[in-house]
Each structure stands twice: as C-alpha cells, then as structure tokens.
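**Student:** Predicted structure and sequence below. I'll ask about it afterward.
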Amino acid sequence: MQRQQSGFTLIEIAIVMAIIGLLITLTIKGRELVDNSRAKSLANDFRDIQVALFGYQDRFRALPGDDSAASANLSPSSVPIQNGNGNLRIEGDLNTYLSESFFLWQHVRLAGFLQGVANAEASGYVPLNTSGGSLGVTDISNAPISGMSGGYIICSDNISGRLVKQLDMMLDDGYTAKGSMLVSHANSGGEPIASGNIIERDFYLACLSV
C-alpha cells in the first residue's frame, strides 16, 4: 500500500520563508520611509521659523515678539496685538505666557510668514511638531540647553531618539552635543547629550542657534 505524504515539502517551506522575509523587508522599509518623512517635517519646522524670523526683521526692522511697534505694523487686525519692548531680544522662556517668546507667534502669523492661530488666547496657539512637542523661540540667554551661542534659538521638543539624531544630521553636523544644534532631555533641557548616549525609545529636546 502506498503511504500518503504528510507535512510540508522543502519547496513549500522555502516559499513561506521567502514571503516572511519579504514582509519583514517591507516593514523595515516602511518604517524608514515614515521616519524620513517625520524627520523632514521636523527639519522643515526649523527652516520655516528661520525664514519667518528673517522675513519679519527685513520687513519691520524688528524682532517678532520684541517689536515695540507691532500694533501699528500689523494693523488692522481682528485680535489684540501685543507690543514688545524693542530691546532686540526675544525675552521669556520658551512660550512662557504673555512673554515676547509667546507673542512671537502672533507677530509672524499676522505678518503672513507662518500659518496658525493669531489669537493668543485661543486653543492651538502654541505650535506643535509632528511628535506632539511644542516649538519655541527665545533669546540665547534663556536657552534651556547649556553651551549654546548666537543671538536666539529655535527649539523643538518631544522628539524620539531615533529621529533626533537624524534631525541633527539634516540641520547641523550629526553630533548632538556640539555644533549649532544641541540635544538634551525633553521638557527640561540641561547639559547636551552626546550622540552615543541617545536612546532611540526616549524623547529629547533639540535647539538650534540662529
């Protein structure tokens, strides 16, 4: 009597393994594409804010947030406009309520350099990045990360370790503890953290000197 064959043949096993390998490859590539897209979006935030800062200075000969003639420069407006003190510094910790760092967003939006809510009391006024962290601009004296230089800084918070290293390579030198972009602990800052000590699953604050 002929015995009936049971189980999988080598060809069937090879086909299954090939399919599994293809799925793994597609998953990894898909993750890389998503990460690249998010990193580009984070980098574009920094670039767009720089364009807005320089554009505002060119047009009004003043720093947004610090502009002492903002109410005149940006009128007419449907929302109350807050003037700065005109001392050529963007004062206040990042997005501190009613500081020049806070009203900067109103100035650049009313001037048409950035999109967003111009009413400082409205929900969604402070911009967020693709990671859900806040974006901010302040004077170098208020930098949340030690060792920064320049006139003022742009910061983006709550960025994963995997993305923050990629972001530094896109905007600076790829070394998160030196250069014009420094990286430290999310929500607090402190001393810059070297690239080798960045943990992919943790979240960080990245600040760029301007």
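**Tutor:** Looks like it arrived, so ask away.

**Student:** use CA for all of it now, contacts and neighbours both
**Tutor:** Fine.

**Student:** for the top strand by length along the chain, packing partners?
**Tutor:** Of all the segments assigned as strand in the chain under DSSP state E, the longest by residue count is strand 152-160. Judged by 3 or more Cα pairs under 8 Å, 6 or more residues apart in numbering; DSSP states H and E, the packing partners of strand 152-160 are helix 10-60, strand 135-139, strand 203-209.

**Student:** For D173, give its distance to H185.
**Tutor:** The spacing between D173 and H185, counted by Cα to Cα, to the nearest Å, is 19 Å.

**Student:** Next: H107.
**Tutor:** From H107 over to H185 the distance is 29 Å, taken as Cα to Cα.

**Student:** neighbour-wise, which of these two wins?
**Tutor:** Comparing H107 with H185 by neighbour count (other Cα atoms under 10 Å), the higher total belongs to H107, at 29 against 21.

**Student:** how about the nearest residue to the more buried one, chain neighbours excluded?
**Tutor:** Nearest non-adjacent residue to H107, counting by Cα to Cα, 6 or more residues apart in numbering: P64, 5.6 Å away.

**Student:** and if you look at D45?
**Tutor:** The spatially closest residue to D45, leaving aside those adjacent along the chain, is N129, at 7.4 Å (Cα to Cα, 6+ apart).

**Student:** quick one, what contacts the one you found?
**Tutor:** With Cα atoms under 8 Å, 6 or more residues apart in numbering as the criterion, the residues that contact N129 are 41-42, 45, 135, 156-157.

**Student:** rewinding a little: now the helices and strands packed on strand 152-160 in JSON lines, with mean neighbour count?
**Tutor:** What follows is the helices and strands packed on strand 152-160, written out as JSON lines (neighbours: other Cα atoms under 10 Å):
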{"stretch": "helix 10-60", "mean neighbour count": "14"}
{"stretch": "strand 135-139", "mean neighbour count": "26"}
{"stretch": "strand 203-209", "mean neighbour count": "25"}
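
**Student:** would TSV of these with mean pLDDT and distance to N85 be doable?
**Tutor:** Shown next, in TSV, are the helices and strands packed on strand 152-160 (pLDDT from 0 to 100; distance: least, Cα to Cα, whole Å):
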stretch	mean pLDDT	distance to N85
helix 10-60	82	14
strand 135-139	97	14
strand 203-209	98	22
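
**Student:** Any idea which of these gets closest to G161?
**Tutor:** strand 203-209 (5.7 Å; Cα to Cα).

**Student:** Tell me the strands beside the closest one, with direction?
**Tutor:** Taking DSSP bridges as the criterion, strand 203-209 forms sheet pairs with strand 152-160 (antiparallel), strand 181-185 (antiparallel).
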